[in-house]
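Novice: Sequence below, structure please.
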Amino acid sequence: MVKKETRTPEFLALNPAGQVPLAVLPGGQPLAQSNAIMLYLAEGSDLIPSDARERALMFQWLFWEQYSHETAIAVLRFHKHYLKKPDIDPALHGRCESVLTLMNNHLRERRYFVGTRLSLADIALVAYTRYAHEAGLDLKKWPSVRTWVSRVETD
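Specialist: Alright, predicted model coming up:
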């Protein structure tokens, strides 16, 4: 993105939105959006709960990750770590703290976001959470999240 490689004619032919991630599936078919790619790759696996309610909860967390979590933590990380911006809207930091507090509260009495085992909800949420330090966020403030990150990384 920083090098504008997602704006080349070749990339835009695969993904007119010019966004990453992008997977090229067998046969050359493109598939964009991280959660769509994860769902495709995990089809038929234990990462997608078979119970209808648990599956719906997994989707709930996947949607929340894209709408609330990624738009806070990933954005702050990108500005601080990659763009090295010294001045960032303080409201963004507050949104990150709110997101991590919500996650911490949810995980206080749970090992995983949905049910009793690892699901795509955990995989989607751990992706940026594990790099929160690059956004200037110390997970020591959210001990349940920190423990969960370690658990997911070793599962």
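Novice: Name the residues that touch the longest helix belonging to the chain?
Specialist: Ordering each helix of the chain by length in residues (DSSP state H) puts helix 90-107 first. By C-beta atoms under 8 Å, 6 or more residues apart in numbering, the residues outside helix 90-107 that reach it are 68-69, 71-73, 75-76, 79, 113, 125, 129, 132, 135-137, 139, 141-145, 147-148. For the C-beta atoms, the positions are set from N, CA and C on the backbone; glycine is no exception.
Novice: how close does the closest residue to Glu134 other than its chain neighbours sit to Gln60?
Specialist: Excluding the flanking residues, the one nearest Glu134 by C-beta to C-beta, 6 or more residues apart in numbering is His81, at 4.1 Å. In this view, His81 and Gln60 are 29 Å apart by C-beta to C-beta, to the nearest Å.
Novice: now do Leu22
Specialist: For Leu22, the distance to Gln60 - C-beta to C-beta - is 25 Å.
Novice: In terms of neighbours, single out the busier of these two.
Specialist: Leu22 (17 against 13; other C-beta atoms under 10 Å).
Novice: Verify the stated contact: that one with Gln29.
Specialist: No: counting by C-beta atoms under 8 Å, Leu22 does not reach Gln29; the two are 11.1 Å apart.
Novice: contacting residues around Val146?
Specialist: Not quite, residue 146 is Arg, not Val. Contacts of Arg146 (C-beta under 8 Å, 6+ apart): Leu139, Lys140.
Novice: re earlier: buried ones from the contacts of helix 90-107, can you make that a ChimeraX selection?
Specialist: In ChimeraX, this line selects whichever of the contacts of helix 90-107 come out buried by 16 or more other C-beta atoms under 10 Å:
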select :69,72,73,75,76,79,113,125,129,132,135,137,139,142,144,145,148
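Novice: where along the protein do the helices fall?
Specialist: Using DSSP H, helices in the chain cover 9-14, 34-42, 52-64, 75-77, 90-107, 120-129, 143-154.
Novice: what's the angle from the last one to helix 120-129?
Specialist: Comparing the axes of helix 143-154 and helix 120-129 via axes from the mean of the first three to the mean of the last three C-alpha atoms, to 10 degrees yields an angle of 110 degrees.
Novice: hey, C-alpha coordinates of helix 143-154 in PDB?
Specialist: Extracted as PDB, the C-alpha positions of helix 143-154 are listed here (Å, rounded to 0.1, in the frame of the first residue of the first chain):
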ATOM      1  CA  PRO A 143      -4.700  -9.000  31.200                       C
ATOM      2  CA  SER A 144      -7.500 -11.300  29.900                       C
ATOM      3  CA  VAL A 145      -6.600 -10.100  26.400                       C
ATOM      4  CA  ARG A 146      -2.900 -10.700  26.900                       C
ATOM      5  CA  THR A 147      -3.500 -14.200  28.200                       C
ATOM      6  CA  TRP A 148      -5.900 -14.900  25.300                       C
ATOM      7  CA  VAL A 149      -3.300 -13.700  22.800                       C
ATOM      8  CA  SER A 150      -0.700 -16.100  24.200                       C
ATOM      9  CA  ARG A 151      -3.300 -19.000  24.200                       C
ATOM     10  CA  VAL A 152      -4.200 -18.300  20.500                       C
ATOM     11  CA  GLU A 153      -0.600 -18.100  19.500                       C
ATOM     12  CA  THR A 154       0.100 -21.500  20.900                       C
END
